[in-house]
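Visitor: below is the structure, and that's it, no one-letter string:
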């Protein structure tokens, strides 16, 4: 299975969006769009494109938990602020999920679901990736 794969974004868990944004703003990055609540994941997101034109660029995503019993809330409680996930953009998310599962990869999401910006996403379990939470996103 051959697909074009690019880094869509790096998700960074932070105690607050403003606290997590400070460094990236000092670098000169500007947030893109408004902050977004993704209710089913219990998170508020803020994106900083690495290319100001925003065309097909990699983003830094700052993640703030909406509560302690959310994935980001538990991450912060266990590990503190830091990189929470790496998101890879793929051409065909459904076929990628099927391909990975057929090859013994454990998926958190065995079917695509809606993520930030109404994009279709699925998470790969860290036990199948050397300890890294990988988010796959439909390009």
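Guide: Happy to help now that I have it. Just so it is clear, the structure is predicted and the values come from calculations on it, not from any experiment. Numbers count the residues shown, from 1 in each chain.

Visitor: pull the number of nearby residues for the nearest residue to residue 122 once chain neighbours are set aside.
Guide: Nearest non-adjacent residue to residue 122, counting by CB to CB, 6 or more residues apart in numbering: residue 109, 3.9 Å away. Quick note: C-beta positions are derived from backbone N, CA and C, even for glycine. For residue 109, the neighbour count with other CB atoms under 10 Å is 16.

Visitor: and residue 109, how far from residue 11?
Guide: To residue 11, residue 109 is 15 Å away according to CB to CB, to the nearest Å.

Visitor: which stretches of this structure form strands?
Guide: Ranges of strands within the chain are 6-14, 32-38, 43-49, 59-65, 82-90, 113-114, 120-124, 134-138, based on DSSP state E.

Visitor: go ahead and name everything in contact with the fifth one.
Guide: The list of residues contacting strand 82-90 from outside it, by CB atoms under 8 Å, 6 or more residues apart in numbering, reads 3-13, 61, 63, 72, 75, 96, 121, 123, 132-139.

Visitor: kindly report the same for the shortest one.
Guide: With CB under 8 Å, 6+ apart as the contact definition, strand 113-114 has outside contacts at 40, 120, 121, 122.

Visitor: quick check, pLDDT for the first one.
Guide: At residue 40 the predicted local distance difference test score is 91.

Visitor: OK, contacts around it?
Guide: With contact taken as CB under 8 Å, 6+ apart, residue 40 is in contact with 113, 114.
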